[in-house]
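>>> sequence first, then the predicted structure:
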Amino acid sequence: MIVIIDGHSVSYRIFYKTPLLNNSKGEPTSVLHSFINLIISLKEKLNPEKIYVVFDSKGETERHKIHKEYKAQREKTPENLIPQIENLKKILPYFGVYVAYQDATEADDIIFTLIQKYKKENIYLITKDKDLFQLVNDRVLIYDYQNEEIINRDKVKEKFGVYPEQIKDYLALSGDQSDNIPGVKGVGVKTAEKLINEFGSLDNVYQNIESIQGKLKEKLLKGKDEAYFSLELVNLQYIENLEVYPPVNDDKGLKNILEHFELKTVIKRLFNEDITETIDEYELVDIVCEIENKLVGFIDKKVVYKIDDVKDIEYFYDLKEIKKKVELDIDENLKDIKVISWINDPDSGGIKKHKDEQIEVFVKRVSSLAKSEFKKLKENKLVKLYKEIELPVIDILFEMEKHGIKINEKKVYEINDELEENLKEIERKIFDYCKEEFNLNSPKQLSFILFEKLGLEPAKKTKTGFSTSEEALQELKFKNPGHVELIDYILKYRELSKLKSTYTLNLLNYMADDKRIHTTFKQTGTATGRISSINPNLQNIPVGSIYGKRIRECFEAEKGYRFVSFDYSQIELRILASLSNDENLIDAFINDEDIHNKTAKEIFGVEEVDPKHRRLAKAVNFGIIYGLSPYGLARDTGITQSEAKVFIERYFNLYPGVKNYIDSIIKEAKEKGYTETILGRKRFIKDINSANRMLKQRAERIAINAPIQGSAADIIKLAMINIYKYLQKTQIDVKMILQIHDELLFEVKEDIVEDFVQEFKNRMENVIKLKVPLKVNYSTGKNWGDLKN
């Protein structure tokens, strides 16, 4: 049996699914690590006679010559992926792998040629490329290594609606946006599937064109040339003189390569030895880790599973979870490598256990990296942030998780029943509008109704057809104003359906014996420094929704206690004012003006602001923080792009300091490679100088937003620390139970609520000095739903 791997397809999938990893020389290695482990696993599981890995050429191919727009829509290869692909070409032969690539030649044609060469062999093909599914037959099968699924001829029919040998004709009709194959204009995937199933092939469609009626016939006749041109593009070509690089039998050379790239787990897997013994710059330390709900130590160069005492340990991995299992007082001398490595590289999420990595190997790896990570923390000048913000927050989150929040089981069932009734009513309205019943939860069926039956102009196309994601549906409203009512029904159905599945009966799965839910707070879950929540996520219940409020009503204070919520008002805009030093923005906040009204008056040139004006001004005010473009504002608000462009220009005329800040922060990020928050948190922006326009624009948006959102995260953490110290000192009957981004929720003994409110409001408003005052709103209630949002 032969295995043929579509190298670019697999590399891209790994690149976007795994965190960015570099060796100590700064070379990217995440794709190398996962690709090589895949090769080893394939050999162990399948024992193939040969493995081929095939790569695309760098330059243009024959298809580009006949169609200049061929694959033009595809993004350029990410800069961190390019060297990894080049290194894979050199490394893989050392693993007994044949590598094939050739100038001006596509991987698809090389794969086709190899399959023709091995006419009598059974072949497993590893790819996600739709074009290559045409090669499936009795002896050529697609192998999905992630799910260990074998895709044969019948499963291709299930997936695409046509058999492998018909895929070329199917694509000739429907086109393929990812490769810029035109197809017949107006013929979508469902129509193409129907035509091929009825007539068998493209030739038969046109030979029987008279039997086809109406607009479809017109489209097919008008697009006949494009159909056959598309067929030519998807036809695979045989390569007469194929270049293949054979395996290299050199264990010493292989080991040298692995040591150079510091692929420690691969060395362990192949040679049963640790790279830490061969690389001098790594120094093993005693460490205790909490991983996969196990407490595991690496102490005196041995892996230890029974740990009762950690008083002499300096290095840890996940202090919060360790504290749940063993007595531990957290002080500033303790080093949590999980948190430290995240602070050093917030976008990667820090050091994590790889999917197939053994726990023992992981613990040794963390031990070997611990000192270098703390050294990097010093070099990045982030020790103060770690010791004064992140380390104290660990104790606070531990206490919050331990206390939990009480839930009323009966109310949960009541709301679940209400949502079910509401969903049935919305479903009926959608079916009446479409004059047909279908599975609303099936993207495939919804896509057919919207784009084939109702003829809506699509927004985005994916590999499987036109997108019906929430973002795409919002764009559909923009492009199809005549169908806004239907799209709003669908969006509402999805919103309520998600609420029902996530926040009604599912909540009860997390209810402990004390009738409380003890969510898990993730300190290292975001790149901006914000705390996130899982199992369940209590930060994501929609605020403006009626049912969001009803679900919050299920969370109740204990008898004799009340909930008190403190929420920073417009904290990100206040931080923007302080960072930009814009006089108009600063004056507005100092004078306690309604910032959205002020912006609306200038943008629209009106004295009296109506709700629509204020809504648009609010969208601009907050959108600026996220690098808002005219297209984005138009999409989100329903105005035209030209109007949006004018509104943004007027905004910058009103707040010129903001424009100067945006320009300066992008310039600074390009020079330094990172941005900083008010308290010195850094976000390293790898693509800020990228030659890829889309990557660069995304990086610039991150550069604008990171100091603002990150500063907001720092300020609320500072407030949590301040209040926690006060509670420890006074021992008053108050528990901090939830943090929801800019809001803190407390459970307070009823008889001390009045004294408590003013004390904590003052502490939060004065926790840091900005150029504008911080403002905190508060509300109290017996349940979470009673609190004002």
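Okay, I see it. Numbers count the residues shown, from 1 in each chain.
>>> distance of Asn621 relative to Asn653?
Asn621 sits 14 Å away from Asn653, taking C-beta to C-beta, to the nearest Å as the criterion. C-betas here are computed from N, CA, C, even on glycine.
>>> so for those two, which sits in the more crowded spot?
Taking other C-beta atoms under 10 Å, Asn621 and Asn653 do not tie; Asn621 has more neighbours (24 against 12).
>>> show me what contacts the more buried one?
573, 595-596, 599, 651 (C-beta atoms under 8 Å, 6 or more residues apart in numbering).
>>> how about Lys117?
Taking C-beta under 8 Å, 6+ apart as the test, what Lys117 contacts is Leu242.
>>> list phi and psi for it.
Main-chain torsions, Lys117, degrees, to the nearest 10: phi -70, psi -40.
>>> again, but for Asp336
Residue torsions, per degrees, to the nearest 10, at Asp336 are phi -90, psi 100.
>>> are we agreed that Leu369 is in a strand?
No - according to DSSP: H, G, I helix; E, B strand; the rest coil, Leu369 belongs to no strand; its state is helix.
>>> list the buried residues of the strand or helix carrying Glu421.
Per DSSP states H and E, Glu421 falls inside helix 409-434. For helix 409-434, the neighbour count (16 or more other C-beta atoms under 10 Å) marks 411-412, 415-416, 418-419, 422-423, 426, 430, 434 as buried.
>>> can you tell me which helices and strands it packs against?
helix 484-503, helix 505-508, helix 546-552 (3 or more C-beta pairs under 8 Å, 6 or more residues apart in numbering; DSSP states H and E).
>>> so what touches the next helix or strand along the chain from the shortest one?
Read in the C-terminal direction, the helix or strand following helix 505-508 is strand 516-517, with elements assigned using DSSP H and E. With contact meaning C-beta under 8 Å, 6+ apart, strand 516-517 is reached by 403-407, 507, 510-511, 536, 538, 555.
>>> check stretch 346-353 too.
Against stretch 346-353 from outside (C-beta under 8 Å, 6+ apart): 19-21, 291-292, 317, 337-344, 359, 362, 365-366, 369, 373, 524-529, 683-684, 686.
>>> and the pLDDT at Lys749?
pLDDT recorded at Lys749 is 95.
>>> in the contacts of Asn621, which residue is surrounded by the most others?
The most crowded member of those, judged by other C-beta under 10 Å, is Thr599 (29 neighbours).
>>> now do the contacts for that residue.
Contacts of Thr599 by C-beta under 8 Å, 6+ apart are 617-618, 620-621, 651, 654.
>>> any chance of a markdown table for these, columns pLDDT, secondary structure and distance to Ile91?
Below are the contacts of Thr599 laid out as a markdown table (pLDDT from 0 to 100; DSSP: H, G, I helix; E, B strand; the rest coil; distance: C-beta to C-beta, whole Å):
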| residue | pLDDT | secondary structure | distance to Ile91 |
| --- | --- | --- | --- |
| Ala617 | 84 | helix | 55 |
| Lys618 | 86 | helix | 53 |
| Val620 | 85 | helix | 50 |
| Asn621 | 84 | helix | 51 |
| Tyr651 | 87 | helix | 51 |
| Leu654 | 90 | helix | 56 |
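>>> and these, which is closest to Ile666?
Among the contacts of Thr599, Tyr651 lies closest to Ile666 (C-beta to C-beta), at 17.4 Å.
>>> contacting residues around that closest one?
Here Tyr651 is in contact with 599, 602-603, 620-621, 624, 658 (criterion: C-beta under 8 Å, 6+ apart).
>>> narrow the residues you listed to those in helices?
Among these, DSSP state H puts 599, 602-603, 620-621, 624, 658 in helices.
>>> now the buried residues of helix 409-434 in a markdown table, with distance to Glu44?
Shown next, in a markdown table, are these (distance: C-beta to C-beta, whole Å):
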| residue | distance to Glu44 |
| --- | --- |
| Lys411 | 52 |
| Val412 | 47 |
| Ile415 | 50 |
| Asn416 | 46 |
| Glu418 | 53 |
| Leu419 | 48 |
| Asn422 | 52 |
| Leu423 | 47 |
| Ile426 | 50 |
| Ile430 | 49 |
| Cys434 | 50 |
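>>> the helix or strand encompassing Asp108: what's the following helix or strand?
Asp108 belongs to helix 107-117 when assigned by DSSP H and E. Remark: after helix 107-117, the chain's next helix or strand is strand 123-126, criterion DSSP H and E.
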